[in-house]
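S.K.: generate coordinates for the sequence data below:
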Amino acid sequence: MDSADYIEVALRLANADLTDVETVRAALHDEPWWADRLRDSDLPLLREVSEGLRRALAAMMASAGPAQDETVLTEINALLAAHPPRPRLSGHGGHDGAPNWHVHVAGPDAPAVDEVAAAAAWGLAQGVVAHGTARWGLCEAEGCSTYYLDTSTNQAKRFCSPRCANRMHVAAFRARKRA
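M.R.: Predicted coordinates for the structure are as follows:
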């Protein structure tokens with residue numbers, strides 16, 4: 001995985017429905033090596049990490065300034081301290097005998113929940129390093145509370161997905177047509 005993948009893990013965990021292990025597995029579908037090993041007993045820790053991620057993301061959307069920066073710093077550092085990445089180089093998964101070099105954030109025998117927590121903490125930290133705090137957003141669609149990273153050129157993203165954008169645009173069109 002690279003830093004962009006870890007950023008996605010952080011966002012998926014922050015936005016995940018953590019009511020049961022199956023919904024968490026669905027949220028982490030791109031990482032079956034973690035998702036398939038998660039257990040019901042992992043949910044309290046995943047909820048704690050998700051809450052920390054959401055506090056940090058909410059702080060990024062608060063008015064800019066030293067207080068906001070301090071909150072972001074405190075929240076992300078707390079996650080990193082509680083769930084420290086333990087990087088290791090791996091080469092599995094290559095083709096034609098050539099290794100597929102990448103970094104894991106936990107040892108090979110670490111429980112899946114530990115690796116997910118470390119990956120999410122590391123991903124959010126790397127996201128702030130790479131993109132700052134101004135490019136993170138909360139979907140403006142009614143009823144949606146999904147966080148996203150705006151990597152668009154003009155930084156004009158307002159919705160987490162085309163689905164939410166389309167839903168809101170259609171609702172606005174219908175409201176105009178009724179008026």
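
S.K.: now the helices for the chain?
M.R.: 3-15, 21-27, 32-35, 43-61, 66-82, 112-131, 162-178 (DSSP state H).

S.K.: and residue 150, which of the ones you listed is closest to it?
M.R.: Nearest of the helices of the chain to residue 150, taken as CB to CB: helix 112-131 at 8.4 Å. The C-beta positions use only the backbone N, C-alpha and C, and glycine is treated the same way.

S.K.: hmm, back to that, which one of the helices of the chain lies closest to residue 99?
M.R.: Among these, helix 32-35 sits nearest to residue 99 (CB to CB), with 16.7 Å.

S.K.: dump that closest one to PDB, keeping only the CA atoms.
M.R.: The C-alpha trace of helix 32-35 is given here as PDB (Å, rounded to 0.1, in the frame of the first residue of the first chain):
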ATOM      1  CA  PRO A  32      -9.800  -8.300   2.400                       C
ATOM      2  CA  TRP A  33      -6.600  -9.300   4.200                       C
ATOM      3  CA  TRP A  34      -7.900  -7.200   7.100                       C
ATOM      4  CA  ALA A  35     -11.600  -7.400   6.700                       C
END
